[in-house]
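Asks: Provide a 3D model corresponding to the input given below.
(one chain, ligands or ions: 2)
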Amino acid sequence: MNNQSHITDQFGRVHDYLRISLTERCNLRCFYCMPEEGIELTEKKNLMSHEEVIFIAKQFVELGVKKIRLTGGEPLIKKNIEKIIRELTALPINLGITTNGILLDKHIDLFKECGVQDVNISLDTLDREKFNKITRRDYFERVTKNIEASIKSGLNVKINVVLIKGVNDDEIIDFIEYTKNNKISIRFIEFMPFDGNKWNTEKVVSLDDVLSQINANYQPHQLIKLEDKKNDTTKNYRIKGYEGSFGVISTVSNPFCDSCNRIRLTANGQIKNCLFSSSETNLLEALRNGEDVKSIILKGVYHKKKVRGGMTSDNEFFDKKNYTKNRSMTVIGG
Ligand code: SAM
Ligand code: SF4
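Replies: Ligands and ions are numbered 1, 2, ... in the order given. Purely as a prediction, here's the structure:
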């Protein structure tokens with residue numbers, strides 16, 4: 001039996017934030033996330049059942065996890081999602097969800113009832129045609145309507161925008177203007193390399209690129225730097241007088257590994273101690289074999305590498321033979 005009450009790695013970083021991928025499947029096909037040819041799905045019997053998700057989450061909570069975020073694939077297509085949300089919100093944690101927004105209207109009441117406040121919705125463009133090209137599906141109206149409904153219902157809405165040069169970097173100011181009358185937070189995410197997503201450094205729009213567009217469009221006194229919370233991966237700003245805010249998640253140009261407190265659990269029950277780690281710890285198999293899940297969690301996180309899955313230099317990180325070892329985002333759980 002393990003009496004440790006914190007999950008700590010070899011560098012002393014305490015891990016109290018768990019992101020659970022509920023499914024590898026998705027109702028969109030965003031080109032930067034899903035390879036065009038699709039992904040090979042894990043056999044159903046090797047995926048966590050709803051009961052296994054809850055059991056494993058409880059072990060993490062007993063080890064000090066305070067915040068859980070559900071993601072995927074698309075978490076809202078998971079069978080039993082309602083039960084999962086009800087059972088997780090009964091634990092002493094803050095539960096958030098990251099979704100593409102297509103099925104949000106069916107779940108807003110449940111979120112309100114269970115106290116799920118933090119909803120991150122992905123929307124990479126404000127243009128319908130472009131949305132169809134990026135996601136390879138025609139759901140723009142549904143997603144934008146659901147974003148409006150979520151804001152109206154009082155949820156804490158963040159919009160995730162993956163910036164890709166030549167695709168949507170001409171919409172940065174439009175997204176910032178969206179915060180003028182809406183109490184939302186726009187989060188510009190740097191495009192990250194994964195297996196099969198046709199990444200290259202030239203396509204990355206960095207924090208500096210975003211700031212230079214802002215400087216060209218607003219007066220210096222209009223840009224207000226907000227205080228970033230501890231462990232926050234976003235550098236946050238507001239335009240003076242605007243209701244909402246925006247930020248940049250600079251995983252590529254300026255990683256935030258020093259303060260990392262995150263652990264990922266994939267839909268097939270593997271711990272990924274870093275988004276960029278190519279090694280995983282099989283928790284589901286351990287659970288099914290009756291092993292002590294907690295000590296396996298502690299060991300799996302203890303060996304986490306200092307930065308970006310062990311790719312210390314930018315040269316290593318940008319090297320295709322390294323990042324293609326990593327499964328795509330829809331499988332890992334973004
Ligand atoms: N389906 C849900 C959604 O789209 O919000 C949850 C899963 S998705 C993998 C989680 C987040 O990862 C999304 O905001 C998505 O835009 C982001 N993402 C996917 N691939 C990415 C990449 N290559 N670089 C940066 N962000 C990425
Ligand atoms: Fe699906 Fe989200 Fe990946 Fe888009 S980013 S394909 S919505 S999992």
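Asks: Confirm that I121 sits in a helix.
Replies: No. If the criterion is DSSP: H, G, I helix; E, B strand; the rest coil, then I121 is strand and not within a helix.
Asks: That one reaches I147, doesn't it?
Replies: Yes. Using CB atoms under 8 Å, I121 is in contact with I147, at 5.6 Å. For the C-beta atoms, the positions are set from N, CA and C on the backbone; glycine is no exception.
Asks: quick one: secondary structure of G38?
Replies: Secondary structure, three-state DSSP: G38 is coil.
Asks: re the thing from before, hey, what's in contact with both of I121 and I147?
Replies: Residues touching both I121 and I147 by CB atoms under 8 Å, 6 or more residues apart in numbering: 101, 104, 157, 159.
Asks: Can you lay out those residues as CSV showing secondary structure?
Replies: Supplementary listing: the shared contacts of I121 and I147 in CSV, determined by three-state DSSP:
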residue, secondary structure
G101, coil
L104, helix
V157, strand
I159, strand
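Asks: From the residues you listed, pick the one nearest ligand 2.
Replies: Using CB to the nearest ligand atom, G101 is the member of the shared contacts of I121 and I147 that lies nearest ligand 2, at 8.7 Å.
Asks: which bits of the protein sit near ligand 1?
Replies: When proximity is defined as CB under 6 Å from any ligand atom, the chain approaches ligand 1 at 26, 32-33, 71-72, 74, 98-100, 122, 160, 162, 189, 191-192, 194, 197, 329-330, 334.
Asks: One more pass at 5 Å, please.
Replies: Within the chain, the positions adjacent to ligand 1 are 32-33, 71-72, 74, 98, 100, 122, 160, 162, 189, 191-192, 329, 334 by CB under 5 Å from any ligand atom.
Asks: OK, contacts around the closest residue to ligand 2 within the stretch 51-200 of the chain?
Replies: Residue nearest to ligand 2 within the stretch 51-200 of the chain: N100 (3.6 Å; CB to the nearest ligand atom). Contacts of N100 were listed using CB under 8 Å, 6+ apart, and they are 26-28, 74, 121-122, 135, 139, 143.
Asks: Can you identify each of the helices in the stretch 151-300 of the chain by residue range?
Replies: 172-178, 207-217, 283-288, 293-302 (DSSP state H, counting those that start in this stretch).
Asks: want to throw those into a markdown table with mean pLDDT and mean neighbour count?
Replies: Compiled in a markdown table, those are given as follows (pLDDT from 0 to 100; neighbours: other CB atoms under 10 Å):
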| stretch | mean pLDDT | mean neighbour count |
| --- | --- | --- |
| helix 172-178 | 98 | 19 |
| helix 207-217 | 93 | 15 |
| helix 283-288 | 97 | 18 |
| helix 293-302 | 94 | 18 |
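Asks: V248: which of the ones you listed is closest?
Replies: With CB to CB as the criterion, V248 lies closest to helix 207-217 of those, at 4.5 Å.
Asks: Going by contacts, tell me the helices and strands next to the closest one.
Replies: Counting contacts by 3 or more CB pairs under 8 Å, 6 or more residues apart in numbering; DSSP states H and E, helix 207-217 is packed against helix 172-178.
Asks: In contact with F55, which residues are there?
Replies: Counting by CB under 8 Å, 6+ apart, F55 touches 287, 293.
Asks: where's it relative to K44, distance?
Replies: Look at F55 and K44: by CB to CB, to the nearest Å, they are 18 Å apart.
Asks: Check K229 too.
Replies: Using CB to CB, K229 is found at 38 Å from K44.
Asks: In CSV: the contacts of N100, plus secondary structure and pLDDT.
Replies: Shown next, in CSV, are those (DSSP: H, G, I helix; E, B strand; the rest coil; pLDDT from 0 to 100):
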residue, secondary structure, pLDDT
C26, coil, 93
N27, coil, 93
L28, coil, 94
E74, coil, 97
I121, strand, 98
S122, strand, 98
T135, helix, 96
Y139, coil, 98
V143, helix, 98
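Asks: which of those residues are close to ligand 2?
Replies: Applying CB under 5 Å from any ligand atom to the contacts of N100, one finds that 26, 28 fall near ligand 2.
Asks: now, which of the residues of the chain next to ligand 1 lie within strands?
Replies: Under the assignment DSSP state E, those contribute 71, 98, 122, 160, 162, 189 to strands.
Asks: would you list those in CSV and tack on distance to F111?
Replies: CSV is the format used below for these (distance: CB to CB, whole Å):
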residue, distance to F111
T71, 15
T98, 13
S122, 17
N160, 17
V162, 24
I189, 23
